[in-house]
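Peer 1: Whatever this is, show me its structure:
(one chain, ligands or ions: 1)
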Amino acid sequence: MPFLPLRKIPERATRNVATEWLDGLSAALADASTDRADLCRRTLTPLFFPQYADNWETAVEDATLDHATRLALAAMDPRNVTLEPEYYGDCDDERFQRVKPLLWLWYSFDRTPIGGQNVWLGVELRRILAKYIFKRCGDNFKAFQNVEFSFGYNMDVGDNVVIHRHVLLDDRGCIVLGNNVSVSDYANIYSHTHSIVDQRDVTNATTVIDDGVRITYHATVLAGVHVHEQGMVGAMAVATKDVRPYHVYVGIPAKSVRVKPNAPASRNVLRTSSDRQT
Ligand SMILES: CC(C)(COP(=O)(O)OP(=O)(O)OC[C@H]1O[C@@H](n2cnc3c(N)ncnc32)[C@H](O)[C@@H]1OP(=O)(O)O)[C@@H](O)C(=O)NCCC(=O)NCCS
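Peer 2: From the prediction side, this is the model:
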């Protein structure tokens with residue numbers, strides 16, 4: 001296979017405007033007295049409805065505007081929307097309400113003309129927000145568009161982690177991502193599961209993805225699974241059990257088909273009793 005590192009491309013002409021916009025957001029978030037719901041609304045309204053940016057409150061109450069416009073305007077403020085985790089019995093509401101405005105800003109930005117597939121700005125914005133949403137967010141975090149979380153506050157993320165498009169990170173029971181982890185497009189990582197008898201019987205279990213792991217396209221990792229260092233879950237695989245270090249697992253349920261050629265000798269052998277079951 002050819003070696004194809006990412007290219008460097010010229011900065012866009014709007015880089016200074018974007019940097020100032022991001023700096024303003026960063027400064028507001030760094031100020032503990034900032035009302036995050038207001039900040040979200042003040043950030044989103046000019047993006048969606050610039051004509052109402054200076055009179056948002058009166059416009060929402062304006063009975064001469066049609067209902068849809070007023071509802072769309074109201075949704076700029078996260079207090080006027082409900083997110084699915086708010087209905088979960090195990091949601092720590094105090095923690096969730098702290099991160100909800102930032103999640104709503106993240107998700108909504110992805111639906112704006114300047115968001116979506118606009119790579120540089122989106123990555124920079126999400127990097128800022130992740131620091132205030134996650135339990136821990138290491139350096140150089142990179143998330144592309146349409147990533148979704150459950151609580152967000154149960155994400156424990158190391159350095160140089162990349163999350164690609166349309167990934168679901170269900171951190172209800174906690175997700176730990178080590179350093180240099182890559183999660184490819186449309187992958188799902190879960191940390192909660194339901195009883196097959198009673199849907200309301202929910203088990204949360206921490207899912208751990210160790211350093212250097214790649215969860216590839218459309219793969220799913222079930223709750224409580226530990227994908228060990230440098231392991232790989234192949235396209236469309238469903239990891240129902242732990243993945244051994246340096247092993248490549250494919251299929252449903254995922255099984256090891258090979259050991260990566262860079263595995264140290266000690267990792268290449270891997271014959272513990274739990275290994276033998278997989
Ligand atoms: C997991 C993967 C990397 C394995 O590649 P590989 O080490 O070159 O493995 P091979 O292609 O030699 O396949 C080994 C066997 O597993 C099978 N296999 C490979 N990938 C599979 C998959 N995703 N699902 C089911 N079976 C798979 C192959 O058919 C082959 O079976 P066989 O021995 O019966 O013929 C690759 O198939 C894959 O899923 N790639 C997509 C994701 C990717 O490249 N991500 C990188 C960016 S994050």
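
Peer 1: what's around the residue in the chain that the ligand sits nearest to, how many residues?
Peer 2: Nearest to the ligand in the chain, going by CB to the nearest ligand atom, is Gly234, at a distance of 2.8 Å. C-betas here are computed from N, CA, C, even on glycine. Using other CB atoms under 10 Å, Gly234 has 19 neighbouring residues.

Peer 1: That one and Lys255 touch, don't they?
Peer 2: No: under the criterion of CB atoms under 8 Å, Gly234 is not in contact with Lys255, lying 10.0 Å apart.

Peer 1: which neighbours do these two share?
Peer 2: Counting by CB atoms under 8 Å, 6 or more residues apart in numbering, the common neighbours of Gly234 and Lys255 are Tyr249.

Peer 1: about what we covered before: can you tell me how far the residue of the chain closest to the ligand is from Val167?
Peer 2: As defined by CB to CB, to the nearest Å, Gly234 lies at a distance of 16 Å from Val167.

Peer 1: for Ala254, same thing?
Peer 2: 18 Å.

Peer 1: more neighbours, the two?
Peer 2: Shown here are Ala254 and Val167; by other CB under 10 Å, Ala254 has more neighbours (28 against 20).

Peer 1: Tell me who's in contact with that one.
Peer 2: Contacts of Ala254 (CB under 8 Å, 6+ apart): Ala219, Val233, Gly234, Ala237, Val238, Ala239, Thr240, Lys241, Val243.

Peer 1: Buried residues in stretch 217-225, which are they?
Peer 2: Buried residues in stretch 217-225, counted by 16 or more other CB atoms under 10 Å: His218, Ala219, Thr220, Val221, Leu222, Ala223, Gly224, Val225.

Peer 1: give the contact list for the fourth one.
Peer 2: Under the criterion of CB under 8 Å, 6+ apart, the contact partners of Val221 comprise Ala187, Asn188, Ile189, Tyr190, Thr207, Ile209, Ile215, Val227, Val233, Ala239.

Peer 1: Bridged to it, which residues?
Peer 2: Ile189, Ala239 (DSSP bridges).

Peer 1: Please report the number of neighbouring residues for the nearest residue to His192 once chain neighbours are set aside.
Peer 2: Leaving aside its chain neighbours, His192 sits nearest to Arg172 (4.0 Å; criterion: CB to CB, 6 or more residues apart in numbering). When counting by other CB under 10 Å, one arrives at 23 neighbours for Arg172.

Peer 1: Next, find the distance separating Arg172 from Pro253.
Peer 2: Taking CB to CB, one finds Arg172 at 22 Å from Pro253.

Peer 1: one step back: okay, the contacts of Val221 in JSON lines with pLDDT and neighbour count next?
Peer 2: Shown next, in JSON lines, are the contacts of Val221 (pLDDT from 0 to 100; neighbours: other CB atoms under 10 Å):
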{"residue": "Ala187", "pLDDT": "98", "neighbour count": "26"}
{"residue": "Asn188", "pLDDT": "98", "neighbour count": "18"}
{"residue": "Ile189", "pLDDT": "98", "neighbour count": "25"}
{"residue": "Tyr190", "pLDDT": "98", "neighbour count": "22"}
{"residue": "Thr207", "pLDDT": "98", "neighbour count": "26"}
{"residue": "Ile209", "pLDDT": "98", "neighbour count": "29"}
{"residue": "Ile215", "pLDDT": "98", "neighbour count": "28"}
{"residue": "Val227", "pLDDT": "98", "neighbour count": "29"}
{"residue": "Val233", "pLDDT": "98", "neighbour count": "28"}
{"residue": "Ala239", "pLDDT": "98", "neighbour count": "28"}
